[in-house]
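1. I would like to see how this sequence folds:
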Amino acid sequence: MLRATLLGTAVLLTLTGCARIADSRFNPVNWFGSSTEAPVDANGQTRPLIPANSRTVVIDNRTMVQSITSLSIDPTPSGAIVRAVGVAQTQGYFNAELVSRGVANGVLDLEFRAQAPTALVVPGTTQSRQISAAHVIERSDLAAIRSVRVTAATNARTSGR
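-> Presented below is the predicted three-dimensional model:
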């Protein structure tokens, strides 16, 4: 009988504690709370989270891969996909990207960049150092592009229509 009373008291205290946790900041459901009205400027526009005059500078520490072995451009319903395969200086390169340098005279200029490994550097075979990347060209941008040039550290490849 005493055990049942103690067990019942323990369960009752545990359940009453749940109500306090449900309303506390320890409950992840309560972390953001309800919405509030956002202030509006004099023109009736909502204020942006990031001011228009702020500048973000992104520094790309990736290096260009050693060379490019293949380049292909495949049409898609929404534009085209540029695919390039390159050979890095050593094994372990990652975070590869075809970085756009803009369009000049109908030529889209892309640089094949990848992040160098920070630990062990192993030269390896050519096949083990291959890395690939792709770049999407939107249909609206495709009209102004006659050819695509992808540049690496030692060579470049061009494909046109």
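2. The residue nearest the centre of the chain: what's it in contact with?
-> Centroid-nearest residue in the chain: Asn95, 9.8 Å away (criterion: C-alpha atoms, centre = their mean). Listed by C-beta atoms under 8 Å, 6 or more residues apart in numbering, the contact partners of Asn95 are 62, 114-115. The C-beta positions use only the backbone N, C-alpha and C, and glycine is treated the same way.
3. Could you rerun that using 6 Å?
-> Gln115 (C-beta atoms under 6 Å, 6 or more residues apart in numbering).
4. Leu110: how many residues sit nearby?
-> 23 (other C-beta atoms under 10 Å).
5. quick one: the strands in this structure?
-> Along the chain, counting by DSSP state E, strands occupy 63-64, 67-76, 79-87, 94-104, 107-115, 130-138, 147-151, 156-160.
6. The residue nearest to the centre of the chain and Ala156: what is the separation?
-> 21 Å (C-beta to C-beta, to the nearest Å).
7. Kindly state the beta-bridge partners for Ala104.
-> Beta-bridge partners for Ala104, by DSSP bridges, are Val107.
8. again, but for Val99
-> Glu111.
9. How many residues are close by it?
-> Neighbour tally, Val99, other C-beta under 10 Å: 16.
10. before we move on, what about Tyr93?
-> 22.
11. same deal with Val148?
-> 24.
12. Skipping its backbone neighbours, what lies nearest it in space?
-> In space, and not counting its chain neighbours, Val148 is closest to Leu108: 4.7 Å by C-beta to C-beta, 6 or more residues apart in numbering.
13. how near is that neighbour to Val58?
-> Distance from Leu108 to Val58, counting by C-beta to C-beta: 20 Å.
14. quick one: which of the two has more around it?
-> The residue with more neighbours, out of Leu108 and Val58, is Leu108; 24 against 4, by other C-beta under 10 Å.
15. what about Ser132, distance to Thr56?
-> 28 Å.
16. Same drill for these two, tell me which one is more crowded.
-> Neighbours of Ser132 and Thr56, each counted by other C-beta under 10 Å, are more numerous for Ser132; the result is 13 against 5.
17. Which residues are in contact with the more buried one?
-> Contact analysis of Ser132 by C-beta under 6 Å, 6+ apart lists Val85.
18. Quick check: beta-bridge partners of it?
-> Beta-bridge partners for Ser132, by DSSP bridges, are Val85.
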